[in-house]
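**Student:** this is a predicted model, with the sequence first.
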Amino acid sequence: MPSHPHCHWRSAQDWKTLGLEFSSPSDEACKMYDACLTQYVNYHDDTNLGGTDGCISKMFQADPDFLMGHVFKLGTKFQFVHKNYAHAQEVYKMAEMAKKPHVKPWERKHAEAVQYLSEGKIDNACEKWEDILVEYPMDMLSLKFLHDMYIFNGLSRGLRDSCARVLPYWKPDTPFYGNLLGMYAFGLEETYMYSEAEKTARKALAINRYDSWAVHCVAHCKEMTGKVKEGIEFMTATENNWNDTILRCHNYWHWALYYYENGDFESAVGLLDNYIMPHMKSKKTIFNVTDAASLCYRLEAEGYDLGSRWSDCFEIAKEHIEDNVWSYYDICSMLVCLGSNHKEESDRLLTSVKSSIKAGIGDIAKIYSDVTLPIIEAIKAYDDQEYDTAVEIMKPQKYQLYRIGGSRAQNEFLNIFTIHAAARSKLPQNQKYASHLLMEMKCQKESSPLPDRLLQNLIISH
């Protein structure tokens with residue numbers, strides 16, 4: 001991937017001119033912070049710089065007590081202190097550093113936000129970053145942390161509005177302006193403003209065609225409106241612009257969804273086997289497992305033989321069974337455990353989720369209690385062929401699914417899950433419910449063959 005348009009790393013004075021004054025006197029630390037932020041925002045580890053980890057190392061060599069460096073490092077890790085003692089030590093050390101008198105107020109708020117984040121108090125963390133942006137609308141780290149957390153907690157209006165409020169303060173020649181447009185575009189897409197979202201994303205791509213997040217936003221617009229042919233054409237035309245970024249696996253997943261919706265399962269599996277699964281095995285992150293798992297479920301539910309693919313997913317997912325850091329992760333992990341016939345691990349996951357609820361730590365405990373646990377139980381019921389139970393559980397969750405986090409394209413597999421459960425039910429009212437969900441899908445995705453195909457399958461099976 002060619003260099004991002006922004007590659008002149010900003011010194012302490014450059015940041016001050018922008019309105020963001022650091023407490024660190026080290027120009028090199030400030031420059032490496034810029035390099036870290038640039039890679040984070042662009043989903044790209046620049047090997048010429050030693051990647052993000054290399055830049056973090058150089059940043060702390062220049063100034064070991066650089067508070068915003070610690071904020072960046074710990075905020076991007078996103079781990080919970082009650083799950084990781086080493087992380088907890090670092091978080092509370094950062095909190096002590098933030099109390100020093102020379103620390104700027106905006107930096108102190110960042111440290112407080114990351115502490116909240118690490119304690120599972122996501123709403124409190126977001127409030128801090130929102131507060132920072134009122135005074136410092138050019139602070140991209142607050143924007144990016146907010147963007148990630150509003151995806152995490154499913155608050156799509158927050159995705160949109162946090163960017164909309166600061167956009168007038170930015171100029172087209174400001175570093176990260178194109179990235180801000182891409183982020184705003186995603187917020188527009190997640191709030192159903194598809195036309196404006198795609199237009200804004202393409203403005204971002206006109207600034208930097210390698211902006212993988214803006215590509216991702218266009219992919220969402222095509223998916224959510226059922227324009228699968230246009231989606232395939234777009235991903236094919238832009239592939240070389242994003243296929244070596246951190247979003248590589250996720251963007252191939254979007255591409256595969258178009259083939260799945262078209263009923264071209266072999267092409268979808270081709271992307272799964274050639275790109276999604278190898279990336280998952282290489283990076284070993286649970287996020288990549290969610291892409292593979294949600295695609296595998298869609299295919300298997302329509303009769304595709306997945307062979308050993310569920311087991312491949314399990315080899316990564318099994319290391320994260322008790323993390324309980326994000327509902328969407330745990331729901332996909334349950335699919336993986338059951339799909340690979342590891343029933344004992346599915347029980348361990350269920351026990352771990354219940355323990356997190358009982359512990360009552362942070363915002364996540366209530367989300368897990370209200371939404372995550374019922375969905376996981378519905379998936380287990382489905383696996384036990386108790387389809388009526390699965391439908392009964394999922395019906396009242398229909399308008400609560402946003403709370404598990406992730407995008408609407410990610411969460412859509414749960415709508416498809418409910419359709420398959422209802423279609424397999426022997427109760428006429430559940431079968432009718434399946435047909436109603438498919439009619440709803442058809443209204444939203446007029447050009448997609450998926451709702452008609454599933455409706456036809458429903459008619460044939462009954």
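**Tutor:** The structure has been received and is ready for your questions.
**Student:** alpha carbons of whatever helix or strand residue 382 lives in, as PDB, please.
**Tutor:** Per DSSP states H and E: residue 382 is located in helix 373-383. The C-alpha trace of helix 373-383 is given here as PDB (Å, rounded to 0.1, in the frame of the first residue of the first chain):
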ATOM      1  CA  LEU A 373     -27.400 -14.600  27.400                       C
ATOM      2  CA  PRO A 374     -30.900 -15.100  25.800                       C
ATOM      3  CA  ILE A 375     -29.400 -15.200  22.300                       C
ATOM      4  CA  ILE A 376     -26.700 -17.700  23.300                       C
ATOM      5  CA  GLU A 377     -29.400 -19.900  24.800                       C
ATOM      6  CA  ALA A 378     -31.500 -19.600  21.600                       C
ATOM      7  CA  ILE A 379     -28.500 -20.800  19.600                       C
ATOM      8  CA  LYS A 380     -28.100 -23.800  21.900                       C
ATOM      9  CA  ALA A 381     -31.800 -24.500  21.600                       C
ATOM     10  CA  TYR A 382     -31.500 -24.400  17.800                       C
ATOM     11  CA  ASP A 383     -28.600 -26.800  17.900                       C
END
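**Student:** how about residues contacting it?
**Tutor:** With contacts defined as Cβ atoms under 8 Å, 6 or more residues apart in numbering, helix 373-383 is touched by 327, 330-331, 334-335, 338, 346, 349-350, 353-354, 357, 387, 389-390, 393-394, 397, 404, 414, 417, 420-421. For the C-beta atoms, the positions are set from N, CA and C on the backbone; glycine is no exception.
**Student:** from residue 184, how far off is residue 168?
**Tutor:** Computed as Cβ to Cβ, to the nearest Å, the residue 168 to residue 184 distance reads 11 Å.
**Student:** show me which of those two is the more surrounded one.
**Tutor:** In this comparison of residue 168 against residue 184, neighbours counted by other Cβ atoms under 10 Å, the higher total goes to residue 184 at 27 against 8.
**Student:** tell me the mean pLDDT over whichever helix or strand the more buried one is part of?
**Tutor:** Using DSSP H and E, residue 184 falls within helix 177-190. Along helix 177-190, the predicted confidence averages to a pLDDT of 98.
**Student:** repeat for stretch 444-462
**Tutor:** Model confidence over stretch 444-462, given as mean pLDDT, is 91.
**Student:** do stretch 316-328 as well
**Tutor:** Averaged across stretch 316-328, pLDDT comes to 94.
**Student:** alpha carbons only: can I get that stretch in PDB?
**Tutor:** As requested, C-alpha coordinates have been extracted for stretch 316-328 and formatted as PDB (Å, rounded to 0.1, in the frame of the first residue of the first chain):
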ATOM      1  CA  ILE A 316      -8.800 -19.600  17.500                       C
ATOM      2  CA  ALA A 317     -12.000 -19.100  19.400                       C
ATOM      3  CA  LYS A 318     -11.200 -21.600  22.200                       C
ATOM      4  CA  GLU A 319      -8.500 -19.200  23.500                       C
ATOM      5  CA  HIS A 320     -11.200 -16.500  24.000                       C
ATOM      6  CA  ILE A 321     -14.100 -18.500  25.600                       C
ATOM      7  CA  GLU A 322     -13.900 -16.700  28.900                       C
ATOM      8  CA  ASP A 323     -12.900 -13.200  27.700                       C
ATOM      9  CA  ASN A 324     -16.500 -11.900  27.700                       C
ATOM     10  CA  VAL A 325     -15.300  -8.500  26.300                       C
ATOM     11  CA  TRP A 326     -17.900  -8.100  23.600                       C
ATOM     12  CA  SER A 327     -21.400  -9.700  23.100                       C
ATOM     13  CA  TYR A 328     -20.900 -10.200  19.400                       C
END
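**Student:** residue 393: neighbouring residues, count only.
**Tutor:** Neighbouring residues of residue 393 were enumerated by other Cβ under 10 Å; the total is 22.
**Student:** what about it, is that helix, strand or coil?
**Tutor:** helix (DSSP: H, G, I helix; E, B strand; the rest coil).
**Student:** tell me the contacts of it?
**Tutor:** 374-375, 377-378, 381.
**Student:** 6 Å instead, please
**Tutor:** Residue 393 is in contact with 374, 378, counting by Cβ atoms under 6 Å, 6 or more residues apart in numbering.
**Student:** measure it to residue 261 for me?
**Tutor:** Following Cβ to Cβ, the distance that separates residue 393 from residue 261 is 26 Å.
**Student:** one more: residue 68?
**Tutor:** 44 Å.
**Student:** and those two? which has more neighbours close in?
**Tutor:** Between residue 68 and residue 261, residue 68 has the larger neighbour count (other Cβ under 10 Å), namely 27 against 22.
**Student:** where does the more buried one land in three-state SS?
**Tutor:** Under three-state DSSP, residue 68 comes out as helix.
**Student:** for it, give me the pLDDT.
**Tutor:** Note for residue 68: predicted pLDDT of 98.
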